[in-house]
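> I would like the atomic coordinates for the input below:
(2 chains)
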There are 2 protein chains.
Amino acid sequence: MKRASIISIGNELLNGQTIDTNVSWLSGKLLSIGIPSVSSYTIGDDIDSIIRSFNLASSDADIVIATGGLGPTDDDLTRQAFAKFLGTELQLQNELLEKIQNFFTSRNRQMSSKNKIQAYIPAGAKALANNLGTAPGIMAEAKGKLFIALPGVPSEMKQMFEESVLAELRRLAGRQAVVVRKLKCFGTGESNIAELLGDIMQRGRNPLINCTVRHGVITLHIIATAEDKDQGQQIVEKDEKSLRNKLGELVYGTEEQTLAEVVGERLAKKKQTIAVAESCTGGGLAKLLTDIPGASRYFTCGWITYSNSAKTSEIGVPADLIEKHGAVSEQVAQAMARGARKKAGTTFAIGVTGIAGPSGANEQKPIGLVYICVDSDSGCVTERFIFHHDRDSIRLRAAQTALNMLRLKCGID
Amino acid sequence: MKRASIISIGNELLNGQTIDTNVSWLSGKLLSIGIPSVSSYTIGDDIDSIIRSFNLASSDADIVIATGGLGPTDDDLTRQAFAKFLGTELQLQNELLEKIQNFFTSRNRQMSSKNKIQAYIPAGAKALANNLGTAPGIMAEAKGKLFIALPGVPSEMKQMFEESVLAELRRLAGRQAVVVRKLKCFGTGESNIAELLGDIMQRGRNPLINCTVRHGVITLHIIATAEDKDQGQQIVEKDEKSLRNKLGELVYGTEEQTLAEVVGERLAKKKQTIAVAESCTGGGLAKLLTDIPGASRYFTCGWITYSNSAKTSEIGVPADLIEKHGAVSEQVAQAMARGARKKAGTTFAIGVTGIAGPSGANEQKPIGLVYICVDSDSGCVTERFIFHHDRDSIRLRAAQTALNMLRLKCGID
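Presented below is the predicted three-dimensional model:
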């Protein structure tokens, strides 16, 4: 199996200015054609550091992909380092120079003399066309391995990879295939999932099961290595079945699906509708629902009743109910959901009220306390939660949990 | 000068699952206390790879910070690798075990037996408290250098770094100071900012001016190197003044301030209030406003009138106005803002209506067309925008632009 190592070059990656998204994108692409990435190196714009990382990366892998440092300014040194690593000189390629000049002419701009350096390529290496910018990429074989330098700008890097690199790597990878299936879960913690799954998460197994968590969503990655795609697919499907059996309704979807997407699909399919009345989530629940294109098929209306008087005037929560139980209470969550459903005339309505913090808590009602009610013709379900971490997490977790309650409810109905 | 190297550990970083944001955050923090990061290594959950990267990193730097691989599952191997690198054994720390047990008890959850491993620390190393999760960090001195392992979850990593690592690193860094000031701008593009600033963005200058863009917010980093903090502060302040002169009201704030924060502060200070009526942003504008703690001082109520009938029934947009001009029109944006202000009785109200896509457009009204109206006693201001990229960007840019219009309006009033 061929392996890859990725090098990210640029001072901006090591001084807090820029988050490197290239490694994640490249490694995902590489894995999908059966080439796992085993390491990644990030260094500043420094010739010796770049050469050292080319050496380190080639000791890890058969394919080395570097991004960044191909720009026209004096601190772009990848070109020079690449040539030095190959033990060769930079050569002016007139064809490239013409292309770069055309890039500026077609945009009615003057080419800076600085851009000329971008037409230089290490002798014997191949230039890769850049249709979005001025920096050509570089590809060279050396010591039986393949070295590729791409621009650091993500849009340019991606287009160049897809157009000029992918086919070559597919050829190198051969028939070896890696098939990845993601199962998305919500409603419990990572360690509980690990316990439910037991031995299946052991290392060295094929398929490998990996687990990642983000904002309460647990993603199980089933990664199968096989001789071809069909065989990989079969391995993955067998494991998916067994994971679904063990996890039941904790699994809400696959691949990149969000809770809002899954819930939205169900509502649209059944021609059901939803309205929301939010307090602590402050629009975050409606935002998640309307993140999905076509949400207008099922989402009609939302109220953000942040003040008590808005709860009363807009969705008819009795003022004395708020006075008696407090705005953060089971009773008010219910009255919000019922009031919203009545006014909007929808199949479902959700009411959310809670204390997102950092202030507003007391001994009985701590930060993170949230009541969520889903109301429908078949009655209302209200649950009490204590969410943790900070204001953002509490709000997002509350909105996600509301969607999950709706999912379980519209699945059953 | 002390230098740092950062190690990111986790299979998810090398298979396209997760974008590593820790390196950027950590290197920014380190630089602000005068410690430049010279390299970063990313490897999978593999003991030998982790040990190798500890060795490589310590050949580059005096301070090595690793993140990730401290979780409770079998593929979390940083703890074991750290001990092996130090040439020592893992030891159970009863105090840590108690803390982890309390973490679960306080959340009314059962501790999984898997979590016990998190109470083990290499002999002779120091455990770092984790107030947000179960994984303690690890700090150890070896070979005259400092090695630190932090959790991979960004919120846990950040809190632990601020609370248990920063002071120690400050002490190591000594008097060499790097002072960074960030100026946040909104309302124009990066190249226009560069033009307004002229020569000041040249490299090699002290302070250095760097520019990053995210979701329309342009951040100018003024980075001064000086012998001590006071001198650095002076250099930065002089430049800040000159940048503010050139950019005027494009500058909305400093450091990590968001538009919603700045607008909220102004509203609270003047005891003014705001209501919103959203269509295409679907709650996103209210969410930005209520992201800020204490938003209830100025935000009272919001309507997400996604359907036409909700626009009419909830905030009194005349049905014939919608029929005549379409839901996405200057007239409807105005009627939404006016209706919302009338119902909520607030100082300001914002109406937003637009086409977020990917469907719903026609020749006259393309995807990205958004009308935003800010209504107040002094009349209403309505603007027409065409935002670009995808649904998420259009919605977020519309919400941010609405906040910016409110900022300019409540600044003038």
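
> Is there proximity between the longest helix that chain A contains and chain B?
Using DSSP state H, we find that the single longest helix of chain A is helix A:391-412. Yes - interface with chain B: helix A:391-412 contributes A:Arg391, A:Asp392, A:Ser393, A:Arg395 (Cβ under 8 Å from any Cβ of the partner chain). From N, CA and C alone the C-beta is placed, and that goes for glycine too.

> Filter these down to the buried ones and express that as a ChimeraX selection.
Buried residues within those, by 16 or more other Cβ atoms under 10 Å in any protein chain shown, are selected in ChimeraX with:
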select /A:391,393,395
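
> Which residues are in contact with the residue nearest the centre of chain A?
Taking Cα atoms, centre = their mean, the centroid of chain A lies closest to A:Glu256, which sits 7.9 Å from it. Contacts for A:Glu256 (Cβ atoms under 8 Å, 6 or more residues apart in numbering or on different chains) come out as A:Lys182.

> what kind of secondary structure is it in?
Here A:Glu256 is recorded as coil under DSSP: H, G, I helix; E, B strand; the rest coil.

> gap between it and chain B?
11 Å (Cβ to the nearest Cβ, to the nearest Å).

> Show me where the stretch 301-413 of chain A has its helices.
Here the stretch 301-413 of chain A has its helices, by DSSP state H, counting those that start in this stretch, at A:308-315, A:319-325, A:330-344, A:391-412.

> ugh, wrong one, the stretch 51-200 of chain A
A:78-86, A:94-106, A:154-160, A:166-173, A:190-197.

> any chance of the ones you listed in CSV, with mean pLDDT, mean neighbour count and distance to chain B too?
Shown next, in CSV, are the helices of the stretch 51-200 of chain A (pLDDT from 0 to 100; neighbours: other Cβ atoms under 10 Å in any protein chain shown; distance: least, Cβ to the nearest Cβ, whole Å):
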stretch, mean pLDDT, mean neighbour count, distance to chain B
helix A:78-86, 97, 22, 15
helix A:94-106, 89, 14, 15
helix A:154-160, 92, 19, 11
helix A:166-173, 90, 14, 14
helix A:190-197, 87, 18, 4
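
> who wins for proximity to A:Glu12 among those helices?
A:Glu12 sits nearest to helix A:154-160 of all those, at 12.8 Å, using Cβ to Cβ.

> Now tell me what touches the worst-scoring helix or strand of chain A on mean pLDDT from outside.
Least confident helix or strand of chain A, by mean pLDDT, DSSP states H and E, is strand A:208-214 with a mean of 83. Residues from elsewhere that reach strand A:208-214 (Cβ under 8 Å, 6+ apart): A:190, A:193-194, A:197, A:200-201, A:218-224, A:239, A:243, B:11-12, B:15, B:17-18, B:73, B:75, B:153.

> Let's have the helices of the stretch 51-200 of chain A in CSV, adding distance to B:Met405.
Listed next are the helices of the stretch 51-200 of chain A as CSV, based on distance: least, Cβ to Cβ, whole Å:
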stretch, distance to B:Met405
helix A:78-86, 43
helix A:94-106, 36
helix A:154-160, 29
helix A:166-173, 44
helix A:190-197, 43
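
> Of those helices, which is nearest B:Leu92?
Minimum separation from B:Leu92 across the helices of the stretch 51-200 of chain A (Cβ to Cβ) falls at helix A:190-197, 18.2 Å.
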